[in-house]
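In: What would the 3D arrangement of this be:
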Amino acid sequence: MTFLGSRAARALLGPLAAVALIVVLNSGAIPPYQAYSVALAAVYTIVVLSVGLLAGWSGVWSVGHPAFFAVGAYFAAYGSGHGWSLETIVVGTVVSSAVLGGFLGYAGARFSTLYIALLTLAFSLVSLEVINRWTDVTGGDQGVPVSPVDTVAGVLPSGGAEAQTLAVGAAGVCLAIAVLAKGSALRMRLVAAKSHPLVAQSIGIAPEAQSALAFAVSAAFTGFAGVLLGLLGGFVSPDPFSLNLGISLISSCVLGGVGSVLGAVVGGGYLAWSPTLASSVGLPQPVVQGLVLIAALIFLPSGVVPSLGKLARKFARPPRPVPATVPEPGPGHREPAGTPLLTLTDVSVRFGGLKALEGASLSVRRGEVLAVIGPNGAGKTTLMNVLSGLTGGGKVSGGAEYDGKQLLTTRATARRRLGIGRTFQHAETFGELTVLENVLCTHRRITPRHRRVAGELLARVGLTDVAGRYPAELPFGLQKRLDLARAMAEEPALLVLDEPFGGLDADERATAARQIERLRDGGAAVLVIDHVLDDLFAVADRVVAFDFGRPIGEGPPAEVLRDSAVQASYLGTTTTRAALPARAAGSPVVVRLAGVEHHYGGVAALRGIDLDVHEGAVLGIVGANGAGKSTLGRILHGSLRPSGGTREASATGVRAVRTSLVPEGRALFKTLSLRENLEVAAYSVGLKGAALRAKLDETAEWLPPRLRDRLSVQAAGLSGGEQQMLAIARALMAGPDVLIVDEPALGLAPALVDEVYARLGELAEGGLTVVLLEQLLSRAMATCHDVVVLHEGVVAAHGPAADPAFATRAESAYFGGEHAVALGVRDVTTLEA
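Out: Numbering: from 1, shown residues only. Have a look, this model is predicted:
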C-alpha cells in the first residue's frame, strides 16, 4: 500500500504543477508571447514523452511521429470546420493514430532497430506527400485554419488563452498517466520483451504484440498532442511536421533522458525555446541543436535528468542490505505417483542437415525431479527449447503431451499459461526491471494481490531485502535465485531448470538444491539439466543420459553412471595411446600460471590455478562442459587477463613466447577464402611481402592436399573437419611456440576426429608445444603427455597420462572433483550429500 501511495503521490505532481502554471498564465505575470511558448512546450512535452517512453520501454526509435502529430492537427482543422465537437475530434484522432501506430509496430517488430527507424521514416515521408496532395482536406502548402469547437464546457476558441490552458492541463494529465504506467504490467512487459525477446516468450510475453501495443499507445498520445497544437496555433500547415521535427524529437529525448518522465519536460521545453536560444546566440537553429546534442552525449550521455538523478542517488545511497537466507524445506519427500505430467515420444529436432535431437522419449510425473545429463553437444539445451517452444528455425517432429494437451502445436507464449516455467543457464534477468518487477512482469495486469504474492515468493527464495534493486547490482548467486523466482511465479506445474548449479559456490549450490527440493515437495514436476553431477544427483529421483541427441541411459542416480554407454559419452572409449614424441627431462617452462582466478561478474570460472606448460609437451586440459577449460585456454593464450594471480611467459628468457589459440567453434571468416583467412592471421603479427608469402607456402604444405588445392574457395564451403584444420593452420601463421586448441573434435565425425588429431600429432613431433582443451578424458589420456582435470574451475587432478594409477584418479576427479579423489572413489554417486 505504501508503494502504491507513493506512486500515486508522484503522479499527482504533474497535474498540480500544471494547475500552478495555469494560475500564473492567467494572472498576466507572463507576457502573451511567452505564454504561447509555455503552452507550446507543454504540447511538445507530450510528444517527447511519447517518443521517449516508446524508445526507453520497448527499444523502438521512431522518426515517423511527426506524421501522427500531423494527423491530430489536421483532424482538429477538418473537424472544427465541419462542426465536430472537441470530444469527437479527440476520439477520432486517438483511434486513427492508434490503428496506424499498431500496424507500424507489428510490421516493424520483425526487423532490427535500424529497419524500424527506416520504416517510420518512410511513413513520415508518405504522410508529408499526402498532406501536400490532399488539398481538399489539408489545404496543401497554403494550410488550413482551425475554427472554434464545441465542448461539454462550452465553445473553445482556437489560438487563445483557453487553448493554452487546455494544453498545459493536458500535459499535466499525460505526465500523471506516464508515472502510473511506470508501475504497470504494460511497462514491465514492454521492457522484458525489449531486453530478452526469447526469455520474454518463456513467460508468456509476445514481443510482436508488445511492440504493436506500445506503438499504438505512443501514436495515440502524439495524435492527441497534434489536436492541441492545432487549437493552440489556430492554423495548420505542413511546415511543423517535416523530417527535421522527427530528428529534433529524438534529440530532445536523448537530451532529457530516454524513458524519463521528467526528462520529457526538459526535452519539450528545449524544443519550444531552441529557436529563441539560436536567435540569442546568432547561430542557425540546426547548429545550436547539434552543439547541444553533442555536449549532452559527451558530458551527460544518459540525459540531463537521469544523470542528475544518478548523482543524487550517489550521495544518498543506503547501506547495502544482506539478503535473507532461504528457509529449509519441509521434511519428507513423497514418491511420485500417478500418470506422467509430461511425456515425450520420439521427439526429433533438425536444423537443416544437423540432427540436434533424435528419438528422444522420456516422462516426468508430479512431485518428481528428473535430471538430464550428457556431454557438450548431447542435445540437452535443444530438449529444453522444445519444451519451451524456443527452437528457432529447427524442424520439430514427434509427440509431446503435457497434462493431456499436445505441446508441440502450442505457441511458445501460451506454454506459460499451461503451467510451464523455465530458468536459463546464465540467469537471463531483465536488467531494466527491479527484482520485484522481474517477477511481476509475468502478469498481464498487476493487482495488489499479485504484489503480495510476489513479495511472499521473494521471501521464500531469500530476495526480500533486494526486491527494489536491479539485477546488475546483485551477485550471480542472487541473480540465479531471481531467475528461479520468475519461473516459479504463478505456481507452474512443470519447472524446467537449465544448469541451476552452474557458476555457484558450494553454499549457493546447497541453497539451490534446497529450493529444488521445496518445489518437488510442493508437488511440482522438475526437469533439471546440469553438469555439476554430484549436486544434481543429490536432488534427482531419476536420471536420463543423452549423447548425440538421443537418450542412451535411464534409471536411478546410483546406477546411471555405471552404465558403460554413459561413461563412454563423458570419458570416451579410446584405449590406444598415440606415439608421442619423447620429452626431454627438465624441459623449460614456457607459460606459468600461479594462483590464477577469474570471474565473470559474480561467477567464479577459475579458482587457484597453478600450472606449468613445459616446452615440447602435449598438455591435455579436460573437464565437463562449464568446468572452465575455455577460460583457462584464453588465459594461457594471453588474450584474457585473469581476475587474480599471475601469468608468466617464457621463463627461459630466450625470447618472448608466442602463443596462438584455435577457439571453440573455429571462428573462421566464412565469407573469406582459405588463403584470405590465412593472410588475415599473418597481417595481425606484421608479416608482409616475401615473409608473408613464404609463411603462407609453408603453412599450406601442412594442410591436406584437398585443402591445399582449394585455397581460393570460401571457408563456408568446407566440411567441419576441413574447417577445423583451416582454423589450426590460421593459428600456425603466427609462428607460435605454443598452440592452444579448444575442443578440436567438437561436432566432427570419428574419421575426421582421427585426421585432426593426427595433424596435431605431426605438429608435436615437429617440436611445437600443444595444449588441448578436451571434453573426453580417454582421448586426452591417449594423445597427451600430461593431463589436467578441471572440475568447477579447480584443478582436481594433474598427472602423466601414461600412468594407470593416474587414469583412475582422473576419472574420479572428472565426475566428483577433488573430494572424489580424496575419498578414493570412482563413482560420484557414492558420495554423501
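In: Show me which positions of the helix or strand harbouring Arg452 end up buried.
Out: Under the criterion DSSP states H and E, the helix or strand holding Arg452 is helix 448-460. Neighbour-count burial for helix 448-460, counted by 16 or more other Cβ atoms under 10 Å, picks out 450-451, 453-455, 457-460. (Each C-beta comes from the backbone N, C-alpha and C, glycine too.)
In: and that helix, how far from the chain's centre?
Out: 26 Å (Cα atoms, centre = their mean, to the nearest Å).
In: same question, stretch 215-230
Out: 32 Å.
In: which of the residues in that stretch are buried?
Out: Neighbour counts over stretch 215-230 (16+ other Cβ under 10 Å) mark 215-230 as buried.
In: Quick check: phi and psi on Val48?
Out: For Val48, the backbone dihedrals (degrees, to the nearest 10) come out as phi -60, psi -40.
In: What sits closest to it if chain neighbours are left out?
Out: Gly267 (3.9 Å; Cβ to Cβ, 6 or more residues apart in numbering).
In: quick one: the one you found is in a helix?
Out: Yes. Under DSSP: H, G, I helix; E, B strand; the rest coil, Gly267 falls within a helix.
In: domain ranges for this structure?
Out: The domain map for the chain lists 2-244, 660-735, with the assignment taken from automatic domain parsing.
In: Please work out which of these is packed deepest.
Out: Counting by mean count of other Cβ atoms under 10 Å, domain 2-244 has the highest mean neighbour count of these, with a mean of 20.
In: Can you list the low-confidence ranges for this structure?
Out: 1-5, 112-113, 313-338, 571-579, 583-585, 602, 651-655, 747-752, 817-833 (pLDDT under 70).
In: Please report how far the residue nearest to the spatial centre of it lies from Thr423.
Out: Most central in the chain under Cα atoms, centre = their mean is His196, positioned 5.0 Å from the mean C-alpha point. For His196, the distance to Thr423 equals 13 Å [Cβ to Cβ, to the nearest Å].
In: any common contacting residues for those two?
Out: Here His196 and Thr423 have no joint contacts, going by Cβ atoms under 8 Å, 6 or more residues apart in numbering.
In: show me the contacts for the residue nearest to Gly269 when sequence neighbours are not counted.
Out: Spatial nearest neighbour of Gly269, chain neighbours left out: Ala41 (4.7 Å); criterion: Cβ to Cβ, 6+ apart. Ala41 makes contacts with 268-269, 271-273, as judged by Cβ under 8 Å, 6+ apart.
In: Specify which member of those is nearest to Ser569.
Out: Set against Ser569, the nearest of the contacts of Ala41 by Cβ to Cβ is Gly268 (62.9 Å).
In: Which strand or helix spans the spatially closest residue to the closest one that is not a sequence neighbour?
Out: Nearest residue to Gly268, sequence neighbours excluded (Cβ to Cβ, 6+ apart): Thr45, at 3.1 Å. Counting by DSSP H and E, the element that carries Thr45 is helix 32-58.
In: how distant is that helix from the center of its chain?
Out: From the chain centre to the centre of helix 32-58 is a distance of 32 Å (Cα atoms, centre = their mean).
In: Check stretch 663-681 too.
Out: With Cα atoms, centre = their mean, you get 27 Å for stretch 663-681.
In: With stretch 220-235 instead?
Out: Offset of stretch 220-235 from its chain centre (Cα atoms, centre = their mean): 39 Å.
In: what does stretch 78-98 contact?
Out: Under Cβ under 8 Å, 6+ apart, the answer for stretch 78-98 is 68, 71-72, 75-76, 137, 144-152, 156, 158, 216-217, 219-220, 222-224, 226-227, 230.
In: how does it look with 6 Å?
Out: 68, 71-72, 75-76, 137, 146-147, 149-151, 216, 219-220, 223-224, 227 (Cβ atoms under 6 Å, 6 or more residues apart in numbering).
In: from those, which ones fall inside helices?
Out: Among the contacts of stretch 78-98, the ones falling in helices (DSSP state H) are 68, 71-72, 75-76, 137, 216, 219-220, 223-224, 227.
In: That's all I had, so thanks and see you.
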